[in-house]
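Asks: My questions concern the predicted model and sequence given below.
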Amino acid sequence: MFAALTLSSLLAVAASPAPAPTPTLPPVIIRTITTARCTTLHEMMRPIGYVTRRNDNAFRAMAFATQKFLSNFIPGDVPTVADLQASLGNSNGQGTGLNGTGTPMSTSLSSSRGNDPLVYGPSQILSAARIDAVAEQIFGNIMVERSFLTKSYKKFPPGKNPKVDAMRRAAQNVMTLQEALANRYEQFAGTYFDSMDLGRMTANNNANVATIKMAVRELLLGDTRGLSGAPSRKISPSHPFFGYGGVNQLAQDGNPGEVLTALRAQEFAFTSTLIHTYNVCHQSHYILAPIHTMPVASPKP
């Protein structure tokens, strides 16, 4: 009986299946390239690139607001030199101290001491206010971009790594032109609100009211030139700053169309540098397709 039980027990043990071995996964090989360029890519270039995209959307919104502001004008609303002279009573060419009746435009404008209705209508005020608000947002975003650049300079002092220096120059060029273009919009908004009620406060007679109104209209329309997405000058690879002494001189002295065109070109150069560095650091093969035509203002903000 003891033997039978023992035999049964042995058979039971022998019939139990052996546990299957746990499969061994192949080793995971992770290639990590750590260099000053790769650190600069992740800690400076990519964050600035993200903020730059936000700024581009903001510029499109301001271009759209400028288009709405200008939609209330027709070509005849733009004052000419003759209009200004006539409003001063200078129709006979004998100085500017006369009080003539002026042109039909100046006559209609002088009928009221209020603001020029074509410039200070409700929709124009809202458009100018939006331009002013969005410009302030861009200035704040540029401060964020510069904070990443400042950290990069602290981590990698200039002159130590030429490739890192080149990456930072690409970023700095974009920021300089972003600020210059935002300043052009802010200049328009500042002129607009500073000139509000100017005719009511300073004019002594109807001729002076007309002169002030037309001068303000001419000034504002001059400030909007190139800010509404109009076609701008073509840029040459050999002259990326239109013959100016450099990006800083272009930012200071260039017209809005030149600043906008140079900004788009510098953004492309910045993105090309970013993608090339990313490929080096991650052993990838991304390609940036060139843009052959300059984008115009979006029909939507």
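Replies: Sure thing, it's come through.
Asks: Give me the neighbour count for Lys213.
Replies: When counting by other CB atoms under 10 Å, one arrives at 29 neighbours for Lys213. Quick note: C-beta positions are derived from backbone N, CA and C, even for glycine.
Asks: Report the mean confidence score over whichever strand or helix holds it.
Replies: Here Lys213, judged by DSSP states H and E, is contained in helix 206-223. Here helix 206-223 scores 71 as its mean pLDDT.
Asks: just stretch 249-261 next, same as before
Replies: 90.
Asks: ok, now stretch 281-300?
Replies: On average, stretch 281-300 scores 63.
Asks: Excluding chain neighbours, give the residue nearest to Gln252 in space.
Replies: Ala180 (7.4 Å; CB to CB, 6 or more residues apart in numbering).
Asks: Number of residues surrounding the one you found?
Replies: 22.
Asks: And for Asp116?
Replies: 23.
Asks: Looks to me like it is in a strand.
Replies: No - Asp116: not assigned to a strand; according to DSSP: H, G, I helix; E, B strand; the rest coil it is coil.
Asks: could you check the distance from it over to Val174?
Replies: According to CB to CB, to the nearest Å, Asp116 stands 38 Å off from Val174.
Asks: and what of Thr224?
Replies: For Thr224 relative to Val174 (CB to CB), the value is 24 Å.
Asks: same deal with Tyr278?
Replies: 17 Å.
Asks: repeat for Leu227
Replies: For Leu227, the distance to Val174 - CB to CB - is 19 Å.
Asks: One more: Gln283?
Replies: Counting by CB to CB, the gap from Gln283 to Val174 is 27 Å.
Asks: who's more crowded, those two?
Replies: More crowded of Gln283 and Val174, by other CB under 10 Å: Val174, with 27 against 9.
Asks: elements contacting the helix or strand where the more buried one lies?
Replies: Assigned by DSSP H and E, Val174 belongs to helix 162-194. On a contact count with 3 or more CB pairs under 8 Å, 6 or more residues apart in numbering; DSSP states H and E, helix 162-194 meets helix 36-40, helix 46-70, helix 122-155, helix 206-223, helix 247-253, helix 256-282.
Asks: and it with helix 256-282, angle?
Replies: With axes from the mean of the first three to the mean of the last three CA atoms, to 10 degrees defining the directions, helix 162-194 sits at 150 degrees from helix 256-282.
Asks: ok and helix 162-194 relative to helix 122-155, angle-wise?
Replies: Using the same axes, to 10 degrees: helix 162-194 against helix 122-155 is 150 degrees.
Asks: Go through helix 162-194 and flag the buried ones.
Replies: For helix 162-194, burial by neighbour count (16 or more other CB atoms under 10 Å) applies to 164-165, 167-186, 188-189, 191-192.
Asks: mean confidence score for that helix?
Replies: Rounded mean pLDDT across helix 162-194 is 95.
Asks: Compute the inter-axis angle for that helix and helix 46-70.
Replies: 30 degrees.
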